[in-house]
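# Okay, sequence plus prediction incoming.
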2 protein chains.
Amino acid sequence: MTSTKPLTANQQLVLGVLKRSPSPLSAYDILHRLRNKGLKAPLQVYRALKVLVDLGITHRLESLNAFVACSGENCRQAGMSGFMICNLCGRAQEFYNRQLNDKLQSISADQEFVASHTVVESSGICAQCKKTPVN
Amino acid sequence: MTSTKPLTANQQLVLGVLKRSPSPLSAYDILHRLRNKGLKAPLQVYRALKVLVDLGITHRLESLNAFVACSGENCRQAGMSGFMICNLCGRAQEFYNRQLNDKLQSISADQEFVASHTVVESSGICAQCKKTPVN
DNA sequence: CGTTTAATGTTATTACATTACATCATGCAT
DNA sequence: ATGCATGATGTAATGTAATAACATTAAACG
């Protein structure tokens, strides 16, 4: 029943670009790809990204200064998610893990720390790239 | 017997500033504090930071674009560490947790992903700030 | 010594992100 | 309908983070 406001034109454009991309894009990458759609300034992209991220349908990768469309449907309720980022092909695989979540919770609780957001990002080499060195 | 090369002048200056700071500093914050010591350009700081981070005696906080001195002695061997970052006082509390580590390992292993580095950063409110709202 | 190598210094540039302010569109109360 | 409030957009300028390219200096060592 989460009847939420529909996305605006710019937000749809940005989300579309992210969904089509196999790997994370920086705000300026996105802007570049939307020049032909009339977007001209970084702020137009950053504004759209903010909404998408707040909605939970896009994630920001802190270690990359880049953004990806959420891969799961129900990211919002699933709690925190993590990413495995391949240094060779550039792809970012999103994952959810209940136990990891719980462990992070308990670590916070031990310190009486109230976490509002948690970033988990591993960088390395993905299975694909391990097999076929170049991509 | 890890007889390692001694730190250079700039590296010592940067590390000193980080150790004295109660919270993470950006490279430009550091530069600002070292103007009086003769440092003039960002690169001087970034170069020193790179060495310190590679040595494992300083950490980069991806979600803050900032740096902190390592709080433990033996960070290098302890494996990956995480941070709890308070949005009010700005302090970053470092932590190690074996089980968290293991869990991250196993998640990677499941996907046949070979992680070289993992970022874990929670932001929220620390125990201190919860008690005494302003700091 | 002179040569190699690592560290530094300096300038310029690129990449990432936000502030400030003007404009436009929409909804809706009178 | 008219006028006002609100939210979305557009645009320019600026601020902040990071690196490239190249010149210079210092230390190591045959």
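Okay, I see it.

# Can you check which strand is longest in chain A?
strand A:114-125 (DSSP state E).

# what's the angle between that strand and strand B:114-125?
If you take axes from the mean of the first three to the mean of the last three Cα atoms, to 10 degrees, strand A:114-125 sits at 170 degrees to strand B:114-125.

# three-state assignment of A:M84?
strand (DSSP: H, G, I helix; E, B strand; the rest coil).

# Chain A against DNA strand C: which residues are in contact?
Where chain A comes near DNA strand C, counting by Cβ under 7 Å from any atom of the strand, the residues are A:26-29, A:41-43, A:46, A:65-66. To be clear about C-beta, it is placed using only N, CA and C from the backbone, and glycine gets the same treatment.

# Identify the residues contacting the residue positioned nearest the centre of chain A.
Closest residue to the average C-alpha location of chain A: A:H59 at 2.3 Å, with Cα atoms, centre = their mean. Residues near A:H59 by Cβ atoms under 8 Å, 6 or more residues apart in numbering or on different chains: A:53, A:67-68, A:70, A:75, A:81, A:83, A:94.

# Equivalent analysis for A:Q44, please.
Here A:Q44 is in contact with A:10, A:31 (Cβ under 8 Å, 6+ apart).

# ok, back up a step: you'd agree the residue nearest to the centre of chain A is in a helix?
No - assessed with three-state DSSP, A:H59 is strand; it does not lie in a helix.

# partners of it in the sheet?
A:V68 (DSSP bridges).

# With chain B as the reference, measure out to it.
Distance of A:H59 to chain B, computed by Cβ to the nearest Cβ, to the nearest Å: 13 Å.

# Give me every residue in chain A lying close to chain B.
A:62-63, A:82, A:84, A:86-87, A:93, A:95, A:97, A:99-100, A:103-104, A:107-108, A:111-127, A:130 (Cβ under 8 Å from any Cβ of the partner chain).

# Weed out the non-buried ones from these.
The neighbour count (16 or more other Cβ atoms under 10 Å in any protein chain shown) marks A:62-63, A:82, A:84, A:86, A:93, A:95, A:97, A:100, A:103-104, A:107-108, A:113-115, A:118-126 as buried among these.

# which parts of chain A sit against DNA strand D?
Proximity of chain A to DNA strand D, by Cβ under 7 Å from any atom of the strand, involves residues A:5, A:8-11, A:38-44, A:47-48.

# With secondary structure and pLDDT added, can I get those in a markdown table?
As requested, the residues of chain A next to DNA strand D are exported to a markdown table (DSSP: H, G, I helix; E, B strand; the rest coil; pLDDT from 0 to 100):
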| residue | secondary structure | pLDDT |
| --- | --- | --- |
| A:K5 | coil | 79 |
| A:T8 | coil | 93 |
| A:A9 | helix | 93 |
| A:N10 | helix | 95 |
| A:Q11 | helix | 97 |
| A:G38 | coil | 92 |
| A:L39 | coil | 95 |
| A:K40 | coil | 94 |
| A:A41 | coil | 96 |
| A:P42 | helix | 97 |
| A:L43 | helix | 97 |
| A:Q44 | helix | 97 |
| A:R47 | helix | 97 |
| A:A48 | helix | 97 |
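
# thinking again about what came up before, quick check: PyMOL command selecting the buried ones in the residues of chain A next to DNA strand C.
Selecting just the buried residues from the residues of chain A next to DNA strand C in PyMOL takes one command, with 16+ other Cβ under 10 Å as the test:
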select buried, chain A and resi 27+29+66
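
# Just flag the most distant two among the residues of chain A next to DNA strand C.
A:A41 and A:A66 (18.8 Å; Cβ to Cβ).

# DNA strand D versus the residue nearest to A:N65 when sequence neighbours are not counted, what's the distance?
Counting by Cβ to Cβ, 6 or more residues apart in numbering or on different chains, A:S26 is the residue found nearest to A:N65 once chain neighbours are left out, at 5.9 Å. If you measure A:S26 against DNA strand D using Cβ to the nearest atom of the strand, to the nearest Å, the figure is 12 Å.

# On the pLDDT front, check A:S26 for me.
Here, the pLDDT recorded for A:S26 equals 98.
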